[in-house]
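Would you be able to build a 3D model of this:
(chains A, B, C and D, ligands or ions: 6)
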Amino acid sequence: MTIDTARLVAMFAAIANAMSADRDRLCALDGVIGDADHGIAMELGFSAARDAVAALDTAAADPTALLNTAAKSFLNAVGASSGPLYATALMRGAAAVKGKTTLDDAETVALFQAMAKGIQDRGKAEPGEKTMIDAWAPAAQAAGEALASGKGLAASLEAAAQAAKAGAEATKAMIATKGRASRLGERSLGHMDPGAASAVTVIEAMRVALTS
Amino acid sequence: MTIDTARLVAMFAAIANAMSADRDRLCALDGVIGDADHGIAMELGFSAARDAVAALDTAAADPTALLNTAAKSFLNAVGASSGPLYATALMRGAAAVKGKTTLDDAETVALFQAMAKGIQDRGKAEPGEKTMIDAWAPAAQAAGEALASGKGLAASLEAAAQAAKAGAEATKAMIATKGRASRLGERSLGHMDPGAASAVTVIEAMRVALTS
Amino acid sequence: MQTKKIINDGNRAVDEMLEGILAAHPRHLKSVDGSPRSIIARDGPRQGKVGLVIGGGSGHEPSFLGFVGKGLADAAAIGNVFASPPPDPILECAKAVSSGAGVLFMYGNYAGDVMNFDMAAEMAAMDDIEVRTVLSTDDVASAPRDQRHKRRGVAGNFFIFKAAGAACDRMLSFDECERIAGKANDHTFTMGVALSPCSLPQTRRPNFEIEPDEMEIGMGIHGEPGIAREKLKTADEITDEMLDRILGEMAPARGDKVAVLVNSLGSTPLMELYIMNRRVKQRLDEIGVSIHASWVGNYCTSLEMAGASITLHRLDGELQTMLDHPCDCAMFRAG
Amino acid sequence: MQTKKIINDGNRAVDEMLEGILAAHPRHLKSVDGSPRSIIARDGPRQGKVGLVIGGGSGHEPSFLGFVGKGLADAAAIGNVFASPPPDPILECAKAVSSGAGVLFMYGNYAGDVMNFDMAAEMAAMDDIEVRTVLSTDDVASAPRDQRHKRRGVAGNFFIFKAAGAACDRMLSFDECERIAGKANDHTFTMGVALSPCSLPQTRRPNFEIEPDEMEIGMGIHGEPGIAREKLKTADEITDEMLDRILGEMAPARGDKVAVLVNSLGSTPLMELYIMNRRVKQRLDEIGVSIHASWVGNYCTSLEMAGASITLHRLDGELQTMLDHPCDCAMFRAG
Ligand SMILES: Nc1ncnc2c1ncn2[C@@H]1O[C@H](COP(=O)(O)OP(=O)(O)O)[C@@H](O)[C@H]1O
Ligand SMILES: Nc1ncnc2c1ncn2[C@@H]1O[C@H](COP(=O)(O)OP(=O)(O)O)[C@@H](O)[C@H]1O
Ligand SMILES: [Mg+2]
Ligand SMILES: [Mg+2]
Ligand SMILES: [Mg+2]
Ligand SMILES: [Mg+2]
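Ligands and ions are numbered 1, 2, ... in the order given. Down below sits the predicted model:
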């Protein structure tokens, strides 16, 4: 399977769609341990990214340019925590595929892993701190392992989506130590981290858009 | 039946009691066509009057002094519309019984009528304008007619209470042209005037306290 | 269930509030000895100056006592929540600020206030204090145009008191102060809209009922019913509805100047007020009316009621001078 | 059912609010050309002066842009509701107010703000603008005492920005401005209590749940959960609970001086704030701490949330000079 810029444009449309559908659930999750706006940030950010990449000339733009455009528009539409985190994810993804015009399976998984790494570098969160990293890090790892074990993109992203889901579930049992929820201490127990929850939705939308 | 100052002290206690019991209903009535505070004003005013007259030396104070004390304390505790209206009522009542140490039936009815007159003079409301006058004016008239027809105080005040009640009922069909509700025009239709409603309670409490 | 309030005792709320106000603003305000509901300006009242006494019920903070200070009002008499003060504290204010040049009473046109202030004026006359009264009647929603004198005074008080306070501070004659106060009232037009009720500290129950998707156009600042119940509309639609009435009466000409007040009734936040103000500016731009100055915020509230009002104050040279005259009050500074 | 708001479109609310703000305060504020979320003071920024850029999410009005003006902040970068602004508008603010003497970034300590302001600072460095950052961490409720650096910045921003703004306006060196800003933060302690939620313009749903008889002590200004849910208490009890924590940390000595801020989170009216302020005064009197100045009102809000915060700012000679230094901002004047 080869991913071209048109496919990436479609991917951003799919993520934006998924975010709109998930917005109110994410806000509600954020309301419990944060400030109730996470769904808004994610919808805004990916809508802006979708619109920005849709406006590009896909014949002229390579994946790196497209992802950088998405990063910048996401960041400027959102700010907040999600803005720098996802913008960095996308910029690192852009850097990871530099020079390519289309992406093969390995390159696509590398992009995916670079995104996770970007979030971790920007936010400095370790797994277990109840952030989106608890979905992104295991997802990136699972995708890499699947690819290494000879699986294709579809199966690799399938593994990533599964791992993200399990990772998000696991945040319920964590005490937040990064981000807004970190001041709650034990009161954050029992609740899923909204950023981890949205990561599941993002990753699932990517999987479908990139492999169907 | 002779009314002495001790009886008047008891009367103010009875009115204050009745106002406390009626407070929330009166506020609710005022909420519909006014500013929802009438019950508070009436409770405050008569509680203050009760306390002030209770603190008097009833042996030394005559009814005029007692009623003037009640007037002043009512006014200072309340302000609002009810303050000047009831304070004037009580001051006129005081003037009407000047020089007496106890009141016979006719003097008590005169006091009652002077109160109604005081409200009318202060507020310049005519019957039919949907104010407390629509209870007080017919009540005063009924008491006077009953007395003139040879009835005693109990029957006269009974007639007053009945007339007040009918008068208050009748305010439902009136359009307010005085006071806060006067800006409502037709929207004031169908609702009882709170000042007329409280007048019924005041008059009934007076009746019981002065005749039992 | 009672409404939520941070209070101790509903019956003590006004007096405790006043204690807190004097504690916060000792450089601006003091109470008259023996009359804690009579609040006077530390700076302002002086020999030869017409005294300006304002007042009304509590629950409208920063009205009225936030506007007591040099260049604005000399004193405010404070009533219970939504209730006119009785004559005594009004009289004490008059005595405290009277210097022989006369005392102006200014307050919103409500039956209760009129009765109490008039009684105080009669008592002041017995003390040889000449009192004149100028009522504010800026609430366009509260009576038809030909019965302006029956209208309520609402947030427009701000401009009306400001003009009168400036006239007094500039040591104008009693006649002039009275004339300018009346003119300021004539030039001031307010419309309000309410979205949700407040509750009185004593009852802690909503003071009116309103459906979750409704608003009441023209509701008074004590929750008195207004002109119409309507479905909640957009900020632009609401602003237009209010401005249409205000502009219809004010009938400004191209090139006219106004001052604008967008006022919260309590819990409507600045974000919403400024969104309304954006529309006000657009509409005034369209008809070529320029904005000399704007105020946006809590100026005349109804406890925690949700809603807002818009006031336009049409300026001529004289009223502009009065508006620009500096004032330094407990809760408001300008100029 | 959606919560009631006077808005047009939730997604446009911040930009429309900014339009309304610029329309209301043209003498104080303007936006950077091409960057409508970067608001700068018309008067203030000047050659040789350290530039002060503040900012944060919207929904806290008059924070932050109400504090932009001569003597206080030179610029504010404005984010979405409860969301840090992205780096670009922050960078534009830095560029607009930089005159070579350095630029201070000051904002509340939130993960999102830190990431965005740090990115902007890196970008500014590429443009040869030296940026230093002083975070406000005044919210006593948000982390234990030994982890003060992890705490949130809340209403105490008011005093912290005020001190820094005065230092900059007095043309002190970059080092001095930074030092004073940090010291002001160290001297500032805030505790809040929330009674009812607000709702974001985009969702129009309550941002948290709370029972009709409950309050949340220590809740953040974005509705972040606080320390404890308790039954609603009296004003004096609530004030005491907040002051006990503040005074426990501040540990003032008899004879110390403080400035006081009693702040509404939105819909809690002045009446309640002043009742709290009364108790603050009583408590400070008891321990012999004198009040140099007080502010009571809406300074750092959470849209229409009900609740309040108390901030004490311990003064020494230097901080008092900074506090008394005049400032003239869009929505605030002092000195
Ligand atoms: N340092 C961090 N590293 C990774 N993720 C973080 C970090 N801080 C916060 N997050 C994530 O951001 C989410 C909140 O995002 P959002 O609500 O959009 O921002 P904000 O907290 O500024 O309102 C959290 O649920 C968490 O997953
Ligand atoms: N001019 C008037 N004459 C007689 N009664 C009046 C007049 N104005 C108002 N009232 C009475 O006062 C009542 C309202 O009293 P209250 O609620 O205590 O005062 P306020 O209207 O100042 O809040 C009305 O219901 C009406 O009966
Ligand atoms: Mg959030
Ligand atoms: Mg009433
Ligand atoms: Mg009233
Ligand atoms: Mg946020």
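
Could I get the contacting residues of the closest residue to residue C:205 other than its chain neighbours?
Leaving aside its chain neighbours, residue C:205 sits nearest to residue C:199 (5.5 Å; criterion: CB to CB, 6 or more residues apart in numbering or on different chains). All C-beta spots, glycine's among them, are computed from the backbone N, C-alpha and C. Counting by CB atoms under 8 Å, 6 or more residues apart in numbering or on different chains, residue C:199 makes contact with C:2-3, C:5, C:205-207, C:303-304.

Residue C:199 and ligand 6, how far apart?
In this view, residue C:199 and ligand 6 are 31 Å apart by CB to the ion, to the nearest Å.

do residue C:300 as well
According to CB to the ion, residue C:300 and ligand 6 sit 33 Å apart.

wait, isn't that residue in contact with residue C:63?
Yes. At 4.5 Å, residue C:300 and residue C:63 qualify as touching, with contact defined as CB atoms under 8 Å.

Run through the helices of the chain in chain order.
In the absence of a named chain, this looks at chain A. Using DSSP state H, the helices found in chain A span residues A:5-33, A:38-54, A:63-78, A:82-96, A:105-123, A:133-148, A:153-171, A:194-211.

Correction: the question concerned chain C.
Counting by DSSP H, the segments of chain C that form helices are C:13-24, C:87-97, C:111-126, C:157-169, C:174-186, C:235-250, C:270-286, C:317-324.

any idea of the mean pLDDT in the fourth one?
Model confidence over helix C:157-169 averages 98 on the pLDDT scale.

Repeat that for the second one.
Mean pLDDT, helix C:87-97: 98.

rewinding a little: now the helices of chain A in TSV, with mean pLDDT, distance to ligand 5 and mean neighbour count?
Shown next, in TSV, are the helices of chain A (pLDDT from 0 to 100; distance: least, CB to the ion, whole Å; neighbours: other CB atoms under 10 Å in any protein chain shown):
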stretch	mean pLDDT	distance to ligand 5	mean neighbour count
helix A:5-33	96	39	21
helix A:38-54	97	42	25
helix A:63-78	97	48	24
helix A:82-96	97	50	26
helix A:105-123	97	56	22
helix A:133-148	98	58	24
helix A:153-171	98	54	22
helix A:194-211	98	47	25
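
I'd like these laid out as CSV, including distance to residue D:174.
Below are the helices of chain A laid out as CSV (distance: least, CB to CB, whole Å):
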stretch, distance to residue D:174
helix A:5-33, 38
helix A:38-54, 34
helix A:63-78, 28
helix A:82-96, 26
helix A:105-123, 28
helix A:133-148, 36
helix A:153-171, 42
helix A:194-211, 36
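
Contact residues of chain A facing chain D?
Contact residues, chain A versus chain D (CB under 8 Å from any CB of the partner chain): A:23-24, A:27-28, A:31-37, A:39-41, A:44, A:75-85, A:122-123, A:178-184, A:187.

what do residue C:300 and residue C:63 both touch?
Counting by CB under 8 Å, 6+ apart, the contacts common to residue C:300 and residue C:63 are C:157-158.

Could you pull up the contacting residues of residue C:35?
Listed by CB under 8 Å, 6+ apart, the contact set of residue C:35 reads C:88-89, C:92.

scratch that, residue A:178
Here residue A:178 is in contact with A:123-125, A:129-131, D:111 (CB under 8 Å, 6+ apart).

which two in these are spaced the farthest apart?
Largest separation among the contacts of residue A:178 by CB to CB: A:124 and A:130, giving 14.0 Å.

So residue A:14 is in contact with residue A:211, correct?
No. Residue A:14 lies out of contact with residue A:211 (CB under 8 Å); the separation is 11.2 Å.

Residue A:124 and residue A:130: which is more packed in?
Ranked by neighbour count (other CB atoms under 10 Å in any protein chain shown), residue A:124 and residue A:130 place residue A:130 first, with 29 against 12.

That one and residue A:173 touch, don't they?
No. Counting by CB under 8 Å, residue A:130 does not reach residue A:173; the two are 9.1 Å apart.

which residue packs closest to residue 44, ignoring adjacent ones?
All of this refers to chain A. If the residues on either side of it in the chain are set aside, residue A:44 comes closest to residue A:77, at 4.9 Å by CB to CB, 6+ apart.

Correction: the question concerned chain C.
Excluding the flanking residues, the one nearest residue C:44 by CB to CB, 6+ apart is residue C:70, at 4.5 Å.

and what of residue C:79?
With sequence-adjacent residues excluded and distances taken as CB to CB, 6+ apart, residue C:79 is closest to residue C:85, at 3.8 Å.

close enough to count as contact, that neighbour and residue C:78?
Yes. Between residue C:85 and residue C:78 there is a contact under CB under 8 Å: 5.8 Å.

picking up where we left off before, next, format the contacts of residue C:35 as a markdown table and append neighbour count and distance to ligand 6.
Shown next, in a markdown table, are these (neighbours: other CB atoms under 10 Å in any protein chain shown; distance: CB to the ion, whole Å):
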| residue | neighbour count | distance to ligand 6 |
| --- | --- | --- |
| C:88 | 20 | 53 |
| C:89 | 26 | 48 |
| C:92 | 24 | 51 |
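
Can you name the residues of chain A that neighbour ligand 6?
Applying CB under 5 Å from the ion, we find that chain A lies next to ligand 6 at A:35, A:37, A:80.

Now list the buried members of the residues you listed.
Buried by 16 or more other CB atoms under 10 Å in any protein chain shown: A:35, A:37, A:80, out of these.

which residues touch residue A:39?
Residue A:39 sits next to A:19, A:22-28, A:30, A:194, A:198, D:203 when contact means CB under 8 Å, 6+ apart.

Go through the residues you listed and name the one nearest ligand 3.
Taking CB to the ion as the measure, ligand 3 lies nearest residue A:30 of those, at 4.5 Å.

so the closest one makes contact with residue A:192?
No. The pair residue A:30 / residue A:192 is not scored as a contact, 10.3 Å apart, by CB under 8 Å.

what stretches of the stretch 151-300 of chain C score poorly on pLDDT?
Across the stretch 151-300 of chain C, nothing is flagged by pLDDT under 70.

For ligand 1, what's the nearest residue on it?
residue C:271 (17.3 Å; CB to the nearest ligand atom).

Give the burial count for the closest residue in space to that residue that isn't next to it in sequence, as a bare number.
Nearest residue to residue C:271 in three dimensions, chain neighbours excluded: residue D:17, at 4.9 Å (CB to CB, 6+ apart). Using other CB under 10 Å, residue D:17 has 28 neighbouring residues.
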